[in-house]
Each structure stands twice: as structure tokens, then as C-alpha cells.
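*Asks:* Quick check, what structure comes out for this input:
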Amino acid sequence: MQPHILLIETSTQVCSVSLTAGSRIAASRQTDMPKAHASLLAVFIRDILQECGLSVRDCDAVAVSGGPGSYTGLRVGVSTAKGLCFGASLPLIQVNSLELIAQSYLDHNTSVNPRRIYPMIDARRMDVYTAPYSAGTIDDKGRVAIMEGPVEALTIIAGRFAEDLEQGLVVFTGNGASKCREVIQHPNAVIAPLESHASGMARAAMKAFREKKFEDVANYTPFYLKEFQAIRPKADF
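*Replies:* Okay, the predicted model is just below:
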């Protein structure tokens, strides 16, 4: 029997939910409406379960994007995932928010063979959350995004990725990649912005499920990377 894993992605402005049936995505919902995570996430989960004729208890696990990303978005996603796991006695899986972006790029750009992939999540101004990834061995299910270094909060500046660019094709993707357009001008640079989506978690979530790499539901917290800072509105003059 093919496992059903509920996938929840709320690390960016896009809120999305998918449901797997084995390696296949059975149903999905998404919105890029600002600040819609809290109001629409539960609705999306209900809708895709109804579409597939399932209840939460029919699922085999819940997977959630675990950061880095939006402080508020991650809290909403993780709180919802933990509530579902507590209520239905399901295991909890976390998938790095950058990994799902790198995997999404590989899944949708099968003809591109990059030396390095930098998935980027917008962190305001010229800052991004990122980490280096490579494309793993191609098999009958495609290529796998493999992390090659630590997750960092970086400012996009000229020369930042010079060493990688000199050695081969480098893809900059995710919702923060557009910041590279005016700064990184190199023949080996591919600027390919894309929005995060829960379906990009499927491969990593299935691997974790098969290997029983589950989180402690009671104590799990997302990886925020940078502390949340409230910005005081500017006074009107």
C-alpha cells in the first residue's frame, strides 16, 4: 500500500498543502495571498482530504517545512502539523525549506545540469536564507537535491559566489533569487526564481518515512535561523 503523507509548506508568503499517494502527488492547494496562512491552511487540508476521500487518520504521516523562512509562517505550519499529529497519533517529519526549493527546481528543469544550486528565501532588503546544494545521481525517479554546506543568512553582494561560478553552472532559485539579477553577472549564473510549494517536499518526506526519521512532536520547533525583529512603523510627517 502506498503511504499517504500530508505535506505542509508555509515558510514563505505562499501557503501550500499537498497529499502524496506513494511517490505521486494526489492533490494540492496553494495561495500567495498575503498573511493567509492562518486562515487558509486548515481549509486547504480539509479540502484535499475530502477530494481524496480520506480523513487525517487515514494518513501515514505529516511533513512540514521546518525552516528557515518566515517566522510567522513557520509557526503556523508547525503548530498545525503538530496538532494533526497529536490528534491522529501520526508521526511528524520535517523537511528543510531550502531543500524543497532545490528539489522543485530539479524536478521541473530536467535538462539543466548545474554544478551547484543555491535555493534562496527572501529575508528582506538584499538578504536571503540559502545553502549550497548539488544534484544527486539520476535514477528512475529523477535527481535528488543534496545539501553541500550549512544554511546561512547572506547579503547578496558582488563576488559572493565567485568560486562556484568559476567552476561551472550555478543556479540561483527560490523567491529570493531575483535579488541576484543586478549583482551577479556571470556566464555560468542561472537566475531562476520560483515559489516554494509543498509538492517539493515529497521525495524527502518519503525517504524520512521509510527510514523512520521522525521528530519529537511535543518538543519540535522550526529552524528560524534569524531572530524575529518587529519593525516599528515610520511616523507620518
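*Asks:* in what helix or strand does Cys80 lie?
*Replies:* One thing to correct before we go on: residue 80 is Thr, not Cys. Thr80 belongs to helix 71-88 when elements are defined using DSSP states H and E.
*Asks:* no, scratch that, I was asking about Ile48
*Replies:* If you go by DSSP H and E, Ile48 is part of helix 37-51.
*Asks:* and that helix, what does it pack onto?
*Replies:* Contact partners of helix 37-51 among helices and strands, from 3 or more C-beta pairs under 8 Å, 6 or more residues apart in numbering; DSSP states H and E: strand 5-9, strand 15-21, strand 24-31, helix 71-88. Every residue, glycine included, has its C-beta placed from N, CA and C.
*Asks:* which element follows that helix toward the C-terminus?
*Replies:* strand 61-65.
*Asks:* mind listing what's buried in stretch 194-209?
*Replies:* 194, 196-206, 208-209 (16 or more other C-beta atoms under 10 Å).
*Asks:* can you check stretch 70-79 too?
*Replies:* Neighbour-count burial for stretch 70-79 [16+ other C-beta under 10 Å]: 70-71, 73-78.
*Asks:* tell me how far that stretch is from the chain's mean position?
*Replies:* Here stretch 70-79 is found 12 Å from its chain centre; the criterion is C-alpha atoms, centre = their mean, to the nearest Å.
*Asks:* Spit out the contact partners of the residue positioned nearest the centre of the chain.
*Replies:* Nearest residue to the geometric centre of the chain (C-alpha atoms, centre = their mean): Ser97, 3.1 Å. Counting by C-beta atoms under 8 Å, 6 or more residues apart in numbering, Ser97 touches 9, 11-12, 65-69, 74, 121, 129, 196.
*Asks:* Tell me who's in contact with Leu7.
*Replies:* 17-20, 63-64, 198-199, 201-202, 205.
*Asks:* what about 7 Å?
*Replies:* Listed by C-beta atoms under 7 Å, 6 or more residues apart in numbering, the contact set of Leu7 reads 17-18, 20, 63, 198-199, 201-202, 205.
*Asks:* Adding pLDDT and distance to Thr155, write the residues you listed out as JSON lines.
*Replies:* Output for the contacts of Leu7, formatted as JSON lines (pLDDT from 0 to 100; distance: C-beta to C-beta, whole Å):
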{"residue": "Val17", "pLDDT": "98", "distance to Thr155": "32"}
{"residue": "Ser18", "pLDDT": "98", "distance to Thr155": "32"}
{"residue": "Thr20", "pLDDT": "97", "distance to Thr155": "36"}
{"residue": "Ala63", "pLDDT": "98", "distance to Thr155": "31"}
{"residue": "Ala198", "pLDDT": "97", "distance to Thr155": "29"}
{"residue": "Ser199", "pLDDT": "96", "distance to Thr155": "30"}
{"residue": "Met201", "pLDDT": "96", "distance to Thr155": "28"}
{"residue": "Ala202", "pLDDT": "95", "distance to Thr155": "32"}
{"residue": "Ala205", "pLDDT": "96", "distance to Thr155": "31"}
